[in-house]
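Chemist: what's the 3D shape of this:
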Amino acid sequence: MSAAKWIFGGLGFVLGGPIGALIGILIGQAYEQPKALPNGNNNYERKDGNVWETNNSKGTRTERKTRQTVSPNDIRIALLVLIACVMKADGHVKKNELDLVKQFLVRNYGEQGAVEALKLLKGLLDQDINHISVSEQIADNLNYSTRFELLHFLLELAHADGIYDEKEESLILNISLHLGLSNADYRSLVALYKKNVDPNWAYEALETAPTATDEEVKKAYRRVAMKYHPDKVASAGEEIKQKATEKFQQINKAYEYIKQQRGL
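Modeler: Next comes the predicted model:
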């Protein structure tokens, strides 16, 4: 599979806005130039499914009522851009981070797909990426559950070396903010990496507190389990669904941990 075919296979919203600009640069520098970009190079889908048309003589945005679907490939490209941001956060790319990304790509795309994805990632690592504008474009196009799972992988990546670097923490917190995720959801994810340092990690994961009653803990578990159920990202691709499944399993473990502590 050629790099261009991997990039342009069923894309929608990522071919517009800041992500589209990045991909355009990389295509011009390293990949074969396709005859035409699907859906146009300057279109960008909003939450309501309408498309902003920015390719006009005045450079202003006008609304065009065209529906673009979000494909799993859109999500893969968006995730690769965010991965590049996190890998560059502390000024250098770490081997254990790269190994984690390689394993993830091979597991989900196969050997050949992983090779093409890594080519794209290498190009992205050489680019100056505005994580705020990229995150906001993603927030405008992907549903909440999918955005949450993108953040889930970024946190796993940042913890690949066992250290949550201050620069990584600051960047991921900022990405979470501009992805439109709640602070409670961010803390819930971070708690899963604090099992050895925070005795209250399980309560944080369930978005509740140690002072909660047994009934409140049960309600918190049901609420969080429903919110993070893998079915909510069923159409986002197997890799995203797998991350949701992992989170769901970890929520169950947190609840079991609390029940053991309380003798429930």
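
Chemist: shaky segments in the protein?
Modeler: 1-10, 28-69, 234-237, 239 (pLDDT under 70).

Chemist: again, only this time at 80
Modeler: 1-12, 15, 24, 26-72, 90-94, 107-110, 112-113, 161-165, 228, 230-244 (pLDDT under 80).

Chemist: and the residue nearest the centre of the chain, what does it touch?
Modeler: Closest to where the C-alpha atoms of the chain average out (Cα atoms, centre = their mean) is Leu150, at 1.9 Å. Contacts for Leu150 (Cβ atoms under 8 Å, 6 or more residues apart in numbering) come out as Ile75, Ala78, Leu79, Leu82, Ile138, Leu142, Leu179, Ile240. The C-beta positions use only the backbone N, C-alpha and C, and glycine is treated the same way.

Chemist: what strand or helix carries the fourth one?
Modeler: If I follow you right, that is Leu82. Assigning secondary structure by DSSP states H and E places Leu82 in helix 72-87.

Chemist: kindly report the same for the fifth one.
Modeler: Of the helices and strands defined by DSSP H and E, Ile138 is found in helix 131-139.

Chemist: helix or strand right after that helix?
Modeler: Following helix 131-139 in sequence, per DSSP H and E, is helix 144-158.

Chemist: tilt between that following helix and helix 72-87?
Modeler: Here helix 144-158 points in a direction 40 degrees away from that of helix 72-87 (axes from the mean of the first three to the mean of the last three Cα atoms, to 10 degrees).

Chemist: which positions in whatever helix or strand comes next after helix 144-158 come out as buried?
Modeler: Later in the chain than helix 144-158, the nearest helix or strand by DSSP H and E is helix 166-178. In terms of neighbour count (16 or more other Cβ atoms under 10 Å), helix 166-178 has its buried residues at Glu168, Leu171, Ile172, Ile175, Ser176, His178.

Chemist: whichever helix or strand comes after helix 166-178 - contacts with which helices or strands?
Modeler: Toward the C-terminus, helix 166-178 is succeeded by helix 183-191 as the next helix or strand (DSSP H and E). With contacts defined as 3 or more Cβ pairs under 8 Å, 6 or more residues apart in numbering; DSSP states H and E, the packing partners of helix 183-191 are helix 144-158, helix 166-178, helix 201-205.

Chemist: please redo it, this time with the cut-off set to 6 Å
Modeler: helix 201-205 (3 or more Cβ pairs under 6 Å, 6 or more residues apart in numbering; DSSP states H and E).

Chemist: next one: the helix it packs on to chain centre, how far?
Modeler: In this view, helix 201-205 has its centroid 22 Å away from the chain centroid, taken as Cα atoms, centre = their mean, to the nearest Å.

Chemist: quick check: next helix or strand after it?
Modeler: Next along from helix 201-205, by DSSP H and E: helix 214-227.

Chemist: which strands or helices does that following helix pack on?
Modeler: helix 238-262.

Chemist: could you list the buried residues of the helix it packs on?
Modeler: Buried, per 16+ other Cβ under 10 Å, within helix 238-262: 239-248, 250-251, 254-255, 257-258.

Chemist: which among the residues you listed gets closest to Gln112?
Modeler: Using Cβ to Cβ, Glu239 is the member of those that lies nearest Gln112, at 16.0 Å.

Chemist: and the lengthiest helix in the chain, how far from the chain's centre?
Modeler: Determined from DSSP state H, the single longest helix within the chain is helix 95-125. Averaging C-alpha positions (Cα atoms, centre = their mean) puts helix 95-125 15 Å from its chain's average.

Chemist: helix 72-87 and that one, what's the angle between them?
Modeler: 110 degrees.

Chemist: for stretch 88-102, which outside residues touch it?
Modeler: Around stretch 88-102, the neighbours that count as contacts under Cβ atoms under 6 Å, 6 or more residues apart in numbering are Met87, Leu157, Ala160, Asp161, Asp165, Lys167, Glu168, Leu171.
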